[in-house]
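Asks: Requesting a structural model of the entry that follows:
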Amino acid sequence: LTTLFVERALAQLWTIMYSQLQVARRGFPRHFRILRSAFSSAALQEPQKIGSSRFRSWSRLKVRSVLGLGFCGGVLCWFTVGDDLYRPFKLFWAVPLRLTRDIATAAVIAADYKYSFWGLPEGGLERTRIKHETHMRCANRLQELCFRNGGIYIKLGQHISQLEYLVPQEYVQIMRNSMLDRCPVSSYEQVCDVFQAELGQLPLEVFKEFNPVPLASASLAQVHEACTHDGKKVAVKVQHLHLTDTAAVDTATVKFVVQVVHWLFPNFDYRWLVEEVQDSLPKEMDFIHEAKNGVRCMQNFMQMSPQLRPFVTSPKIYWKLSTPRLLTMEFMEGVKVTDVDAIKKLGLRPNDVSKLVSEAFAEMIFRHGFVHCDPHAANMMVQVATLRKLSFLGYKKLPQLVLLDHGLYKVLDPSVREHYASLWKALVFADVDKIKKHSVSLGAGEDLYVLFAGVLTMRPWSKIVQQGIDHLYLPGTDEDKAELQMYASQYILEVSELLRRLPRVVLLLLKTNDCLRAIDHALGSSVNTFVIVGRESSRAVAEMKLTGNSAFWSWLRIALDMFKVEIRVFTLQAVAWLGTIQQMIQQLKEELKVQLFFGSLGSFPVPWLWYR
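Replies: Now for the predicted structure:
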């Protein structure tokens, strides 16, 4: 069945392309008759004879399909990969193969959902169980497709892992557990090919030592440990060779699939995602551009946020050993930003790390206007800062955030910054009118501003507009997650429309917000983002109002406004602390119940447990 499906799909695609080339001269009817005869019921039911003209026509059509797709893909690659004549021939067969994988995976997923839900009533326990199993199967199929094709498919998988408000939880978990840490690895021979193409030398000629086994592999590149001839330890980021070969074709392939899906299901319009990939992928593949972004980011912290500069850093760049596909950086030790156990072993508090991450990105968004838009856990490390904080218990260790992968940045217009900051301030104060005003200004529209606020905060609207001080506090229980997933499934078409109409820079801010929220939850600080973003956004709004206005009464009014903000933010943080203490007490009670049970059996004395 799979072979038959692939042959039919290739035949139809080639026929369409062939018709576009020949319609001006001879038209399409003759080839349509061949296709119709090949797909007729008689052709599919009766055995084909080797000498029959119908079999010869069908065979010719299959050959044309494969050769046509390979030729078109090869021609496309010829114009996108430069002067290397080897690559177009290498991609002659790779392009139709990757397209076939896309089509086959999409067809199998669609058929699985259609067959699995056939005849099942809505709302039943059996349908819930079948839905979970189907989501798991299809998510694993999509994961396998991303790994087999690699490149931008990995980037798309990483993006899916952040869309908790849009896709089922099974997809989010499977993609999140695999796309960040277990990406495909290029062989050492491929690494040598990149070195030869970029520097004209092999790795061991450029460096004194070079570890052929990568330390880590991501969607676009992998990192090797090396040592320069003067004894400095460095990290070398090497772009995947196959990515350079297939990036343009993969983008065109994904665009074709998305357009076909939109044609079949007009309500699902994800062409904006392809447009964003087309815009950002060339920049992410240029490592010199990435290095310049990192330097500019550190300069912004030095000039506009000097209080955070000792606690935010980035690897030093070795410019003479760097090219658009090779990046040589200072080797920096650190632990993963979401690894709670490793952070504690360093003598740091996870809550301090979460606070630092939120403060750093709030500064980028509201003050710098130059934002790192890919801050997932694999792109950040934590180490101990050289500065210490004096407390009543002595000197306290402080975290230092190491920012990696500076390929994807966005510059925010002053108007976008102003409306985004004002929106967050309105969310903190539950000001419905201002939430609507600034959501509309950012492109959500008057009909979807409620949904936009929900996507931004991951809170239901009824919770957002509550006047209580805990309206943004959500403990993250299973019931809360189930409620959010229910909203996502009910309003999936509206969410799709919202993402289509929002400007791309706002979409990337949403992505950044999702990444930071995921880190917050992993570190056990569910309200840090709202507390810090609320404070920094309010300060940014105040600074904008003071610009060009030095009147005393204006200054006093803004100072009073900031005082109210600080009180509100403090109460939010207090609510979060109380909620955390309540969860700890509940957990302790459960543990004590178990200990009391065993203690009553004489396992160990428990007189001190009778604290009640």
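Asks: Which neighbouring elements make contact with the helix or strand Lys425 falls within?
Replies: Applying DSSP states H and E as the criterion places Lys425 in helix 414-429. Applying 3 or more CB pairs under 8 Å, 6 or more residues apart in numbering; DSSP states H and E, one finds that helix 414-429 contacts helix 432-441, helix 449-457, helix 504-522, helix 528-546, helix 552-600. Where you see a C-beta, it was placed from the backbone N, CA and C, and this is true even at glycine.
Asks: buried ones in the fourth one?
Replies: Right, helix 528-546. 528-542, 544 (16 or more other CB atoms under 10 Å).
Asks: can you state the direction angle for that helix and helix 449-457?
Replies: Here helix 528-546 runs at an angle of 120 degrees relative to helix 449-457 (axes from the mean of the first three to the mean of the last three CA atoms, to 10 degrees).
Asks: avg pLDDT for helix 528-546?
Replies: For helix 528-546, mean pLDDT is 72.
Asks: Tabulate the CA atom coordinates of that helix in CSV.
Replies: The C-alpha coordinates for helix 528-546 follow below in CSV (Å, rounded to 0.1, in the frame of the first residue of the first chain):
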residue,chain,number,x,y,z
ASN,A,528,8.9,34.5,38.3
THR,A,529,8.3,35.5,34.7
PHE,A,530,5.1,37.4,35.5
VAL,A,531,6.7,39.2,38.5
ILE,A,532,9.9,40.3,36.7
VAL,A,533,8.3,41.0,33.4
GLY,A,534,5.5,43.0,35.1
ARG,A,535,8.1,45.1,37.0
GLU,A,536,10.4,45.7,34.0
SER,A,537,7.6,46.4,31.6
SER,A,538,6.2,49.0,34.0
ARG,A,539,9.6,50.6,34.4
ALA,A,540,10.0,50.7,30.6
VAL,A,541,6.6,52.4,30.3
ALA,A,542,7.6,54.9,32.9
GLU,A,543,10.9,55.7,31.1
MET,A,544,9.0,56.2,27.8
LYS,A,545,6.7,58.6,29.5
LEU,A,546,9.5,60.6,31.1
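Asks: Scan this protein for its longest strand.
Replies: Criterion DSSP state E: the longest strand present in the chain is strand 380-391.
Asks: Quick one: residues in contact with that one.
Replies: 310-311, 332-337, 343, 346-348, 353, 357, 395-404, 519 (CB atoms under 8 Å, 6 or more residues apart in numbering).
Asks: Keep only those of those that are in helices.
Replies: Secondary structure defined by DSSP state H assigns Ile343, Val353, Val357, Ile519 of those to helices.
Asks: burial of the closest residue in space to Thr338 that isn't next to it in sequence, as a residue count?
Replies: Leaving aside its chain neighbours, Thr338 sits nearest to Ala522 (3.9 Å; criterion: CB to CB, 6 or more residues apart in numbering). A total of 16 residues lie near Ala522 under the criterion other CB atoms under 10 Å.
Asks: Could you check how far Ala522 is from Val357?
Replies: Distance of Ala522 to Val357, given as CB to CB, to the nearest Å: 11 Å.
Asks: again with Thr228
Replies: Distance of Thr228 to Val357, computed by CB to CB: 31 Å.
Asks: With Leu199 instead?
Replies: As defined by CB to CB, Leu199 lies at a distance of 35 Å from Val357.
Asks: So for the two, which sits in the more crowded spot?
Replies: Val357 (27 against 17).
Asks: which residues touch the more buried one?
Replies: Going by CB under 8 Å, 6+ apart, Val357 touches Val337, Pro375, Met380, Leu401, Leu516, Ile519, Asp520.
Asks: isn't the last one right next to Val353, touching?
Replies: Think Asp520. No. Asp520 lies out of contact with Val353 (CB atoms under 8 Å); the separation is 10.1 Å.
Asks: of those two, who's got more company?
Replies: Val353 (27 against 23).
Asks: That one: what's its closest spatial neighbour, skipping adjacent residues?
Replies: Using CB to CB, 6+ apart, the nearest residue to Val353 is Pro399, at 4.8 Å.
Asks: Give me the pLDDT for Val416.
Replies: 89.
Asks: what about it, neighbour count?
Replies: For Val416, using other CB under 10 Å, the count is 20.
Asks: and the gap between it and Met304?
Replies: Taking CB to CB, one finds Val416 at 17 Å from Met304.
Asks: which ones are touching Gly294?
Replies: Applying CB under 8 Å, 6+ apart, we find Gly294 in contact with Ser314, Pro315, Ile317, Leu403, His406.
Asks: Nearest to Asn211 among those residues?
Replies: Set against Asn211, the nearest of the contacts of Gly294 by CB to CB is Pro315 (16.9 Å).
Asks: just checking, that closest one touches Leu404?
Replies: Yes. Counting by CB under 8 Å, Pro315 does reach Leu404; the two are 7.4 Å apart.
Asks: who has more neighbours, these two?
Replies: Just comparing Pro315 and Leu404: by other CB under 10 Å the higher neighbour count belongs to Leu404, 24 against 21.
Asks: list the buried ones in the helix holding Lys425?
Replies: 416-429.
Asks: With stretch 497-512 instead?
Replies: Neighbour-count burial for stretch 497-512 [16+ other CB under 10 Å]: Glu497, Leu498, Leu499, Leu502, Val505, Val506, Leu507, Leu508, Leu509, Leu510, Lys511, Thr512.
Asks: Out of the residues you listed, which comes closest to Tyr153?
Replies: Scanning these for proximity to Tyr153, where the rule is CB to CB, the winner is Lys511, at 17.3 Å.
Asks: That's all I had, so thanks and see you.
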